[in-house]
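In: show me how the following folds:
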Amino acid sequence: MKKALITGANRSIGFEAARQLLKKGYYVYLGSRTLANGQEAVDKLKAEGLTEVEAIALDVTNDESVKNARTELGTKTNVLDVLINNAGISGGFPQTAQTSSIDTFKEVFDTNLYGVVRTTQAFMDLLQQSAEPRIVNVTSGLGSLTMHTDTSWKYFAVKGAIYAPSKAALNMYTITLAYELRDTPFKVNAVDPGYTATEFNHFRGTGTVHDAAARLVKGATLAPDGPTGTFFSDDNNPETGISLW
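Out: As a prediction, the model looks like this:
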């Protein structure tokens with residue numbers, strides 16, 4: 001049975017991704033900043049008959065929490081097949097380049113970029129034990145330099161000065177990591193779940209949590225001949241959902 005770890009998985013898209021992977025036969029470690037919230041999410045899944053799941057306390061912004069999560073997971077398994085770096089924050093909107101505070105920049109980057117780096121590095125040794133390791137970094141079309149310079153793009157006017165750069169940096173980290181692992185079985189990709197109706201955007205999104213999670217799961221279950229170092233976004237290529245950055 002393949003094993004997956006999802007950060008920020010106690011609700012919303014991460015929770016639904018856990019559900020979908022469980023239905024595909026994966027064992028899922030559901031990462032949550034607080035164990036209580038994680039356990040509540042696990043109980044909901046088990047009530048649906050999805051029993052191969054357990055909660056892991058994991059705050060991606062806290063070195064000690066990430067280390068403790070790695071230690072705990074190491075007592076349960078010596079291999080990890082999938083890591084979905086889903087935890088993320090927006091920093092609140094509007095965000096202007098002229099007035100946004102450095103403190104807010106630091107807060108958002110600590111979760112959206114440093115948290116991904118922190119978690120990926122901590123669990124890399126377990127991923128290296130997998131025959132087909134997959135890393136999915138949850139990004140956003142708002143982090144695409146290409147789309148932000150296309151005046152015909154439907155979200156062209158949405159220019160968050162903090163959130164967008166945090167995701168752009170995450171995309172570059174993804175590309176660099178994929179390049180470093182290019183001669184291994186790893187598939188490392190950035191996946192945009194789309195503008196989804198969640199608490200994250202006060203339910204203003206137009207997409208469903210189910211469809212958003214399915215995009216993450218697609219990246220997590222790529223075949224050996226699947227792409228790596230790729231940016232997946234249905235906003236960019238509606239026919240295939242795939243575009244090389």
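
In: quick one, what contacts Lys2?
Out: 25-27, 81-82, 130 (C-beta atoms under 8 Å, 6 or more residues apart in numbering). C-beta coordinates here come from the backbone N, C-alpha and C atoms, glycine included.

In: so where do the helices sit in this protein?
Out: With helices called from DSSP state H, the chain shows them at 12-23, 35-47, 63-74, 102-109, 115-127, 145-148, 163-180, 209-220.

In: so how far is Val108 from the closest residue in space to Gly160 that isn't next to it in sequence?
Out: With sequence-adjacent residues excluded and distances taken as C-beta to C-beta, 6 or more residues apart in numbering, Gly160 is closest to Gln95, at 4.4 Å. Noted for Gln95: a distance of 9 Å to Val108, by C-beta to C-beta, to the nearest Å.

In: show me the residue sitting in the middle of the chain in space.
Out: By C-alpha atoms, centre = their mean, the chain has its centre lying nearest to Asn86, at 2.7 Å.

In: for it, which residues are in contact?
Out: Counted by C-beta under 8 Å, 6+ apart, Asn86 has contacts 6-9, 13-14, 17, 136, 138, 216.

In: residue furthest from the geometric center of this structure?
Out: Gln98 (28.9 Å).

In: next one, pLDDT for it please.
Out: As predicted, Gln98 sits at a pLDDT of 97.

In: can you name the residues that contact it?
Out: Applying C-beta under 8 Å, 6+ apart, no residues contact Gln98.

In: what number of residues lie near the nearest residue to Ile175 once chain neighbours are set aside?
Out: Leaving aside its sequence neighbours, Ile175 sits nearest to Gly229 (C-beta to C-beta, 6+ apart; 5.2 Å). Residues contacting Gly229 under the criterion other C-beta atoms under 10 Å number 20.

In: now swap in Leu73 and tell me
Out: Leu73: 21 neighbours (other C-beta under 10 Å).

In: same check, this time on the one 5 residues further on
Out: Each residue near Asn78 was counted by other C-beta under 10 Å, and the total is 11.
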